Structure formats: structure tokens, C-alpha cells
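> model this:
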Amino acid sequence: MPYLQTMYVSELEGSPSLEVVNIVLERLARGDKLISLAIGEPMYDTPKEIIDVANREMLNGNTHYTSSYGIADFRNAVVNKTSKKNSINAEIKNTIFMTSKQAIYAAMLAIAGKKREILMPDPGYFYGDPAKLAGFEPVVYNLSEDNSLDVSKIEEKITPDTSAVFLNTPSNPTGRVLERKSLEELIELAKEHNFKIISDEAYEDLVYEKKHVSIGSLEDAPEHVISIFTLSKSYSMTGWRSGYTVAGEDIIKNMARVIEHTYTCAPPFIQKASAYALENGDGFIKKFRDEFREKRDFVYKRLNEIEGVECGPMEGAFYAFPTYDKNVEAGDLAKGLLNKYDVALLPGTAFGDQGEHRVRISFSGTKETLETGIDRFEDYLLKDVS
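This is a model prediction of the structure:
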């Protein structure tokens, strides 16, 4: 077995989003009046019906160890859901209960071997440090100017050392939903060069006009694609840490070993409630999506009214990723806005070099929060930045 030279945890950088979130939470706890456009969390509480299932399971004594793979009820719910909604041909052996953020890390550990490079998008989510921690070298591929996927930009980065390619649709931070044609090209490239595709589909249910396509549906059975899902955004269950992965049986076995040697298993009452959500939660999803669509439309219109700001269409998720023309770096802009106007957002550079002169604005909060926050963003740009 090859030895993987991993990073020490002390060498890792903190998560850019969670660093801002921690500042926001600390200031709110002090009583500061702060406007947060930074936190990627639905404003809604978890639907009561889901909470009731967890409560009932705990009261009935379902509080003991379970399989590291997850309980059968949940895994069967995953098979049914991914078949009907994602068109993925999977069996229970291809599934595991694991929150998506840990699944991203565990999936890399599951494929770790002689190949040491993992490709990831710019702009894109924070996959780099987890990759280093798992013993890989992150290699960036650029998205197109309109944030679409140009597979030729991935192909030019492929080497014999390429182990996997990260994919995120709908995208955090851009809100872009990738086209089926690009996904078909990527799956063919994966077959040709024998690498895995780690598909992060956290926002699959928050797609507005277009249709979400799971790249795992382009295989007859899970082989090259590791599909990672979460209940956090779809059912407003961020604090439950509930999610699941669909992949080849060998990958799932390796991911289960990560659980066995870290936290043994996930709480059974959370899994029962999560199974209920997958089987009965379409009504919740529609309600959330319709309200997000209204806020998306407001944010898109309002940002494009600001002098020097340009925002492309947000096809999915709940983020805007506008550009601005002022001569100030994204990190300095975010700090200045927080310090002077008490508005928190994320600098675009948190998501890669292509995020310079961009910011990420979450529209997951209330309409009033969005109105006030964007008004202050405009004031800061036009009055305080040269």
C-alpha cells in the first residue's frame, strides 16, 4: 500500500465561509446589529413533520449503534429517490449515510493511491485543503467567463497522475447549472483516462428554470462517478448533518471504513427522520424553491441597478456572484463593508483566483435583510471606494 504524504492540520487554512460565519455569530451574540449576506443556510426551520419523526424515534428507544453504512430504511429511501429524481441506477450496496462535507473528504480517502492529483473548479467551493489533508495535490481548472463548464479546460490539465475531478452543479458560488452536453463530454473523458468524478450536488433541488442533471445518471451503474448529496439545503436541515453518497461498491466500502475508525455510525433517529424527508418532502422543497426564486429575482434586478456592478443569471442555489469595477481587492472590500456598514458577505477570492473583483451574496435570508444589505453594499461602493 503506497504511503500518502498528507498535510498537518496545523498547516491548513480555515474555511473562508466559516471564518466569516464565526465573526457574524460572535458579533450577533454581543448584541451587534449585523446584516449577514454571507451564510449559506436557509432561513427556515426544519419542517415540524421531520422533527416529529426524530422525536418519536428517540422516545421509542432508537438511540443505539447502527451500521457504519447507515440503516436499511434510509439507504432504501436513497435508492428510490436517486432512481426517480436523479435517474441513477443504484442498489443499496452503492449507498452510505454521510453528511456531504465529510463525504467529500472520505471520498478522496477512498480513492487514494498512486495517483496524486485532483482537479477542482475556479471559481468553486473549498475543496483544496481537504484534498491536501487527504494527500492529494489540488489542480485548478478554470470555468468559462460565463461560469459554464468547458471540458477542454479540464482535458488540458489531465495527466497520468490525475485521480479525480470535482464537479459542482448547481454551483456554489456562481449559481450556474451545468448543461447535459458538458456532463456527457466529461464522463467520456473519465472513461478514456480512468479517473473518478466527485459530483457535489448539494443544491440539486434549488434549480429554478432549468433542469438539474446528475452526471451519475449517464452511467449504467455507479463506476466513475461518486455522487454526493445533502439534506441541508433541500429540507433546511443544516444542523442535522445528514447526507448520502452513491458510488461504486468498492468506494462505499472504503468510505464506511472512514466512519468505522472515526465516529462509528450516525444517530439512527436522524437517519429515520432523513428517510422520511426523502420519501415525503417534495412539498417542502417546492415551498422553499418558490420563495428562493422570488428573492433571486429581486437580488438579480437590484444588483444590476448598481453603477459598476454586473450580475449574471443565477440558475440554481441561493447565491449571486456579481462583478464590480472599483479598484479595490475583493478581500479588502468585504472587510471594509463589514467594518463600516455592518454587512457581511464573502470575497470572491475565497473561491479561487477568478473571484477577484467579485463577491458572493447569499439570498437565503429575509427579503428585508437583502434589501438593507444590498442598499449598504451600494452605498459603500459609491461613497467609500474610489
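> Can you give me every residue that contacts H193?
H193 makes contacts with 158, 162, as judged by C-beta atoms under 8 Å, 6 or more residues apart in numbering. Using the backbone N, CA and C atoms, a C-beta is placed for each residue, glycine as well.
> Would you confirm that Y105 contacts P130?
Yes: contact between Y105 and P130 holds when scored by C-beta atoms under 8 Å: they sit 4.7 Å apart.
> The two: which is more packed in?
The residue with the greater number of neighbours, taking Y105 and P130 and applying other C-beta atoms under 10 Å, is P130; the counts read 22 against 18.
> ok but that one is inside a helix, no?
Yes: if the criterion is DSSP: H, G, I helix; E, B strand; the rest coil, then P130 is within a helix.
> Can you give me the distance of it to T46?
When distance is defined by C-beta to C-beta, to the nearest Å, P130 is 26 Å away from T46.
> quick one: A273 and P47 touch, right?
No: counting by C-beta under 8 Å, A273 sits too far from P47 to count as a contact (10.1 Å).
> So the two - more neighbours on which side?
Shown here are A273 and P47; by other C-beta under 10 Å, A273 has more neighbours (27 against 19).
> Contact partners for that one?
Contact criterion C-beta under 8 Å, 6+ apart gives 50-51, 53-54, 57, 240, 242 as the residues in contact with A273.
> Pull out the buried residues from the host helix or strand of it.
For A273, the enclosing helix or strand under DSSP states H and E is helix 268-280. By neighbour count, with 16 or more other C-beta atoms under 10 Å as the criterion, the buried positions of helix 268-280 are 268-278.
> quick revisit: for PyMOL, what selects the buried ones among the contacts of A273?
Of these, the buried ones can be selected in PyMOL as follows, counting by 16+ other C-beta under 10 Å:
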select buried, resi 50+53+54+57+240+242
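> Outside of the helix or strand containing R296 itself, list whatever touches it.
In this assignment (DSSP H and E), R296 forms part of helix 282-304. Under the contact criterion C-beta under 8 Å, 6+ apart, helix 282-304 has outside partners 42, 44, 47, 205-208, 234-236, 277, 309-311, 313-314, 318, 320, 322, 361, 363-364, 367, 370-371, 374.
> What about those, which are in helices?
Cross-referencing the contacts of helix 282-304 with the helices (criterion: DSSP state H) gives 277, 367, 370-371, 374 as the overlap.
> now the residues you listed as CSV including pLDDT?
What follows is the ones in helices among the contacts of helix 282-304, written out as CSV (pLDDT from 0 to 100):
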residue, pLDDT
A277, 98
K367, 95
L370, 97
E371, 98
I374, 98
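> Can you check the residues you listed and name whichever has the most neighbours?
Comparing these by number of neighbours (other C-beta under 10 Å), A277 comes first, having 26 neighbours.
> Roughly how far does that one sit from I259?
Going from A277 to I259 by C-beta to C-beta gives 21 Å.
> Likewise for R360?
Relative to I259, R360 is positioned 31 Å away (criterion: C-beta to C-beta).
> Would you mark the buried spots in stretch 188-195?
Residues 189-190, 195 are the ones in stretch 188-195 that count as buried (16+ other C-beta under 10 Å).
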